[in-house]
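*Asks:* My questions concern the predicted model and sequence given below.
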Amino acid sequence: MGIITISRGSYSRGIDIAEKLAKKLGYECISREVLLDASKEFNIPEVKLIHAIEDAPSIFDHIKDGKRRYVAFIREAFLEYIQKDNIVYHGFAGHFFTKDIPNILKVRIIANLDFRIKVLMERENISEEKARKLLFRIDVERRKWSVYLYGIDTNTTELYDVILHIDCLQVDGAVDFIYDLANRPCFQTTPESQKKLKELLEAAKAYSISSTQTP
Amino acid sequence: MGIITISRGSYSRGKEIAEKLSEKLDYQCISREILLKASRDFNVPELKLLQAIEDAPTVLDRLKHGKKKYIAFIRKAFLEQIQKDNVTYHGLAGQFFTMGLPNILKVRITADLNFRINVVMKRENVSEDKARQILTKIDEERTKWSMFLYGIDTKSPDLYDIILHIDTISVEDAVDILYAYAKRPCFQTTNESKKKLKDMLIAAKAYSILVKNFPEANIKCKDGVVLISVESSLSVEKVLAKKFSKQLKDIEGVKEVKTFVIPFET
């Protein structure tokens, strides 16, 4: 019984790892479902929610504080979802949302820039130069939003229990490794961690309500 | 058979992990031995070497390349030591000294700042504020040091195969995890990785000889052929080539020395 969050550098095969890991553990693998849930509840188009956390804050958002509110909704949906336990979450901000909860395994997957460029070139059918530029932009954007929203750089190593470089390990090696880690006693859900998770959800709900009322 | 480098945030229990891991793997665990060896080999006081590898560069270092010289000595001693294989090195700069070498497991151990503060308070018998100051200073020095010499922050995840945060993961867990990791085929020494390490050592020995007069020299070695590129006047190319060949001919494994002069005016 446990919860795993996987943060991934873009184009670092993090999705493959999350999906295979979830299957091996018999856990549910989630990412966009969380956004969809938030979308239904708050009537915000999914695409807008994705933008809320993928794009770095613009001047407009600083004035309106819009992104902050959207992220509050996503946080709530995320925390609601993972109450079920036995979850592998991959994608945005999972490690931020759960940083004070013990027993949740927080993983980051990274890969060499050359490897990521290759993946992007193949996937998007673009030139090496274009892929390099695009990756650079994505990395900058992601770092900006996390600093803006949480005051933390996604590259800060202290946010994770483990950071894996998959060059040598490859996808299957990474899955085996995280599987072993996830089965350790320190990453099993306990009544205490469940209680903390519940409290965090209550706080997130309260914050969501207040953020819809406060302009 | 393998080589492991463990970089550790100060007061993050990395030393303990390195020692326990070495015992489990039956590897030799080394750290300070490198400085002692460099100190003996080059007849330099250990304290000077320690300052070179620990402290951020001063203005004088930038101008006189003193730090580069001492680091070259330490690097040579380090590469010589790890040739033996089945080694765990914990301490500063291992991840930089082995840059470009395949099959070496590069690990970083980190811990929460609060945890580290507690350790400093107990170990040094200081207040929380003082402990925080000490740690901030150490971390800043490390960053400045690595940025100056290698252009990348020592904390950067890109430098390592795995980073473990000691908090929920205990020291015992970390040892188990790293043990399994070190046994993976990709972290076993191969003939190819041995050859590369040998070439790297030859280049490091060559640089430690030339660093005094040519701190900016770029030296590589492939299959025993030493390639040196230095910035100088083209008119002295032949003289330099002859001089370098003479200076480096006694290094074990050197087959040939090739010198390339990059003219000052380019």
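*Replies:* Sure, I can see it.
*Asks:* which stretches of the chain form helices?
*Replies:* All of this refers to chain A. In chain A, the segments counted as helices under DSSP state H are A:14-25, A:32-42, A:46-54, A:59-64, A:66-82, A:94-97, A:113-124, A:128-150, A:166-182, A:191-213.
*Asks:* Chain B was what I was after
*Replies:* Under DSSP H, chain B gives helices at B:14-25, B:32-42, B:46-54, B:59-64, B:66-82, B:94-97, B:113-124, B:128-150, B:171-182, B:191-210, B:237-248.
*Asks:* among the ones you listed, which is nearest chain A?
*Replies:* Chain A lies closest to helix B:171-182 among those, at 6.1 Å (C-beta to the nearest C-beta). Where you see a C-beta, it was placed from the backbone N, CA and C, and this is true even at glycine.
*Asks:* what packs against the closest one?
*Replies:* If you count contacts as 3 or more C-beta pairs under 8 Å, 6 or more residues apart in numbering or on different chains; DSSP states H and E, helix B:171-182 packs onto helix A:166-182, helix B:14-25, strand B:104-111, strand B:162-166.
*Asks:* for the chain, what are the low-confidence residue spans?
*Replies:* Let's take chain A. Along chain A, segments meeting pLDDT under 70 span A:32, A:35-67, A:149-152, A:211-215.
*Asks:* please go with chain B instead
*Replies:* Within chain B, the segments meeting pLDDT under 70 span B:59-64, B:265-266.
*Asks:* Pull up the residues of it that are close to chain A.
*Replies:* B:108, B:110, B:112-113, B:155-158, B:160-165, B:167-170, B:173, B:177, B:180-181, B:184, B:186-187 (C-beta under 8 Å from any C-beta of the partner chain).
*Asks:* redo that, cut-off 7 Å
*Replies:* Residues of chain B found near chain A (C-beta under 7 Å from any C-beta of the partner chain) are B:110, B:112, B:155, B:157, B:160-165, B:168-170, B:173, B:177, B:180, B:184, B:186-187.
*Asks:* Which among these count as buried?
*Replies:* Neighbour-count burial (16 or more other C-beta atoms under 10 Å in any protein chain shown) applied to those gives B:110, B:155, B:157, B:160-165, B:168-169, B:173, B:177, B:184, B:186-187.
*Asks:* ok, of those, which one's closest to residue B:38?
*Replies:* Nearest to residue B:38, judged by C-beta to C-beta, of those is residue B:160 at 24.1 Å.
*Asks:* mind listing what the closest one touches?
*Replies:* Neighbouring residues of residue B:160 by C-beta atoms under 7 Å, 6 or more residues apart in numbering or on different chains: A:165, B:95, B:106, B:107, B:108.
*Asks:* Thought residue B:157 was touching the third one, still the case?
*Replies:* No - under the criterion of C-beta atoms under 7 Å, residue B:106 is not in contact with residue B:157, lying 10.8 Å apart.
*Asks:* Run through the residues of chain A sitting next to chain B.
*Replies:* Residues of chain A lying near chain B (C-beta under 7 Å from any C-beta): A:102-103, A:110, A:155, A:157-158, A:160-165, A:168, A:173, A:180-181, A:184, A:186.
*Asks:* relative to its centroid, which residue of chain A is most remote?
*Replies:* Ranked by distance from the centre of chain A (C-alpha atoms, centre = their mean), the top residue is residue A:127, with 28.2 Å.
*Asks:* and the nearest residue to it once chain neighbours are set aside, how many residues sit next to it?
*Replies:* Excluding its sequence neighbours, the residue lying closest to residue A:127 (C-beta to C-beta, 6 or more residues apart in numbering or on different chains) is residue A:121, at 7.2 Å. The number of residues packed around residue A:121, counting by other C-beta atoms under 10 Å in any protein chain shown, is 18.
*Asks:* I figured residue A:121 was touching residue A:132, is that so?
*Replies:* No - assessed by C-beta under 7 Å, residue A:121 is found out of contact with residue A:132, at 9.4 Å.
*Asks:* ok so, going back, do you know how far the residue nearest to residue A:127 is from residue A:113?
*Replies:* Using C-beta to C-beta, to the nearest Å, residue A:121 is found at 12 Å from residue A:113.
*Asks:* can you tell me which residues contact residue 94?
*Replies:* You didn't say which chain, so I picked chain A. Residue A:94 neighbours (C-beta under 7 Å, 6+ apart): A:5, A:7, A:78.
*Asks:* if you could check chain B rather than the one you did, that'd help
*Replies:* Taking C-beta under 7 Å, 6+ apart, we find residue B:94 in contact with B:5, B:7.
*Asks:* Residue 204: neighbouring residues, count only.
*Replies:* Let's take chain A. The number of residues packed near residue A:204 is 20, by other C-beta under 10 Å.
*Asks:* The intended chain is chain B.
*Replies:* 23.
*Asks:* Which residue is the nearest non-sequential neighbour of it?
*Replies:* residue B:76 (4.5 Å).
*Asks:* That neighbour and residue B:150: what is the separation?
*Replies:* According to C-beta to C-beta, residue B:76 stands 17 Å off from residue B:150.
*Asks:* Look at those two and report which has more neighbours.
*Replies:* Just comparing residue B:76 and residue B:150: by other C-beta under 10 Å the higher neighbour count belongs to residue B:76, 25 against 16.
*Asks:* returning to that earlier point: and the residue nearest to residue A:127, how far is that from residue A:11?
*Replies:* Distance, residue A:121 to residue A:11, using C-beta to C-beta: 10 Å.
*Asks:* ok, back up a step: which stretch among the helices of chain B comes nearest residue A:209?
*Replies:* Nearest to residue A:209 among those is helix B:113-124 (32.1 Å), distances taken as C-beta to C-beta.
*Asks:* Excluding its own residues, what touches the closest one? List them.
*Replies:* B:9, B:11, B:12, B:126, B:128, B:131, B:132, B:134, B:135, B:167.
*Asks:* Tabulate the CA atom coordinates of stretch A:137-147 in PDB.
*Replies:* Extracted C-alpha coordinates of stretch A:137-147, given in PDB (Å, rounded to 0.1, in the frame of the first residue of the first chain):
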ATOM      1  CA  ARG A 137      12.200  26.700 -23.500                       C
ATOM      2  CA  ILE A 138      10.200  24.000 -21.700                       C
ATOM      3  CA  ASP A 139      12.900  23.700 -18.900                       C
ATOM      4  CA  VAL A 140      12.900  27.400 -18.400                       C
ATOM      5  CA  GLU A 141       9.100  27.600 -18.300                       C
ATOM      6  CA  ARG A 142       8.800  24.800 -15.800                       C
ATOM      7  CA  ARG A 143      11.400  26.300 -13.500                       C
ATOM      8  CA  LYS A 144       9.700  29.700 -13.600                       C
ATOM      9  CA  TRP A 145       6.300  28.500 -12.700                       C
ATOM     10  CA  SER A 146       7.500  26.400  -9.800                       C
ATOM     11  CA  VAL A 147       9.500  29.300  -8.400                       C
END
